[in-house]
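J.: predicted structure and sequence below. I'll ask about it afterward.
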Amino acid sequence: MSEEKTGGVLVISDELTASMYRTLGCEIIEVSNPDELVKSLETNIMRDDLSLILISKELAEPVIDQVDKIISRSKPYVSFIPSYGKIEKPVDLRKMLLQALGMR
């Protein structure tokens, strides 16, 4: 009997934003444009080992209709995160992740 691994966090974002989440131990997929984001999201949306997928809000906005269609069939929770240069106030990344995972 194989044990299913769950609870992982995947971040799909630009390089700078990804570096912040890498320090928290998240799995990272770096993308440089909205089309790459859509492809990465489609490839990973049905993974059984993920509980949370965080995607760059700024990269998702130009292709939001496609993103919404992909998210509608998702098992893991999907949330949008601001890109590194777009954060207007300090963000407690650890607290945000714990809340998204239902641990706070």
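T.: Great, that's in hand. Numbering: from 1, shown residues only.
J.: okay, CA-based contacts and neighbour counts for the rest of this
T.: Noted.
J.: what count of nearby residues applies to residue 10?
T.: Residue 10 has 26 neighbouring residues, counting by other Cα atoms under 10 Å.
J.: quick one: pLDDT of it?
T.: pLDDT for residue 10: 95.
J.: that one sits in which helix or strand?
T.: strand 8-13 (DSSP states H and E).
J.: now do that strand: which elements does it pack against?
T.: For strand 8-13, the elements it packs on are helix 15-22, strand 27-30, helix 34-44, strand 50-56, judged by 3 or more Cα pairs under 8 Å, 6 or more residues apart in numbering; DSSP states H and E.
J.: what does the first one contact?
T.: For helix 15-22, the surrounding residues in contact (Cα atoms under 8 Å, 6 or more residues apart in numbering) are 11, 12, 28, 29, 30, 31, 32, 83, 84, 93.
J.: which one (most neighbours) among the residues you listed?
T.: With neighbours taken as other Cα under 10 Å, the top of those is residue 12, carrying 28 neighbours.
J.: now do that one against residue 26, distance only.
T.: 10 Å (Cα to Cα, to the nearest Å).
J.: mind checking which of the helices and strands packed on strand 8-13 is nearest residue 7?
T.: Between residue 7 and the helices and strands packed on strand 8-13, the shortest separation by Cα to Cα is 4.7 Å, and it involves strand 50-56.
J.: since that was my last question, I'll sign off now.
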